[in-house]
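# okay, predicted coordinates and the sequence, questions at the end:
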Amino acid sequence: NTEVKYTITSKNIKDLTEEEIKDILGLSLNDKTVTYNGKEQSLTISGTIKEGISVNYNGTNVGTNVGTYPVTAILTGTGNYEGTTTLTATLKINKALISLRAENKEITYGDSSKELTYTITSGEKFGNDDLNVVLTREDATNNNAGTYVITITATNENYDITLINGTYTIKKAIPNYTIP
């Protein structure tokens, strides 16, 4: 095992590589992957920023929606440190998983139609996110006894959505006769 030690004769940080910045200054900017949760996510410098070094981010270091965000941190030295250098990393926000199921409905022939509804069977919808859910009943103008498919569709760029259709059952009515 060979131990390597750094001797800093010049405090010009622009001459340092990202690995030297990590080893000498104890600073790093690391890639980060998270799952969408409706909240702002960020990448920031890890380590204690020494007096005389300031950090600014070129563009943004935050993201909320699904996507890949390149992050550049600019380290600027003043006082005991001179120059400017950059660290780069990537913030990646993946889609949240969610499953929606059209709820089964049942009526008897002649009854009023029931409103179509759905439920979340796994995962979570965050904040005021709109999943753009549309529920339709097969052969919706036909009110004869039978079983019909309730189709569910949904879209939102921040979610990987699994959809489960339901059934709408119209049972036969039992005649009610009055014998005089």
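Arrived safely, thanks for sending. Residues are numbered from 1 along each chain as shown.
# mind listing the strands for the protein?
32-35, 41-42, 53-58, 62-63, 67-77, 84-94, 96-102, 105-108, 118-123, 134-137, 146-153, 159-164, 166-171 (DSSP state E).
# in TSV: those, plus mean neighbour count and distance to E19.
Backbone N, C-alpha and C define where each C-beta goes, glycine included. Below are the strands of the chain laid out as TSV (neighbours: other C-beta atoms under 10 Å; distance: least, C-beta to C-beta, whole Å):
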stretch	mean neighbour count	distance to E19
strand 32-35	14	19
strand 41-42	17	23
strand 53-58	14	17
strand 62-63	16	26
strand 67-77	17	14
strand 84-94	17	11
strand 96-102	19	35
strand 105-108	14	63
strand 118-123	13	40
strand 134-137	16	52
strand 146-153	16	50
strand 159-164	16	36
strand 166-171	18	57
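# now for these, which one comes closest to I179?
Closest to I179 of the strands of the chain, according to C-beta to C-beta: strand 105-108, at 22.2 Å.
# contacts for the closest one, please.
By C-beta atoms under 8 Å, 6 or more residues apart in numbering, the residues outside strand 105-108 that reach it are S113, K114, L116, I150, G166, T167, Y168, T169, I170, K171, K172, A173.
# would you mind giving those residues as CSV with pLDDT and distance to S46 added?
Below are those laid out as CSV (pLDDT from 0 to 100; distance: C-beta to C-beta, whole Å):
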residue, pLDDT, distance to S46
S113, 92, 58
K114, 95, 55
L116, 98, 50
I150, 98, 50
G166, 98, 48
T167, 98, 53
Y168, 97, 55
T169, 97, 58
I170, 96, 62
K171, 96, 64
K172, 95, 68
A173, 92, 70
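# CSV for the residues you listed, including distance to Y69?
Shown next, in CSV, are these (distance: C-beta to C-beta, whole Å):
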residue, distance to Y69
S113, 47
K114, 45
L116, 38
I150, 39
G166, 38
T167, 43
Y168, 44
T169, 48
I170, 51
K171, 54
K172, 58
A173, 59
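# sorry, back to before: and the strands of the chain, which one is worst for confidence?
Comparing mean pLDDT over the strands of the chain, the weakest stretch is strand 53-58, at a mean of 86.
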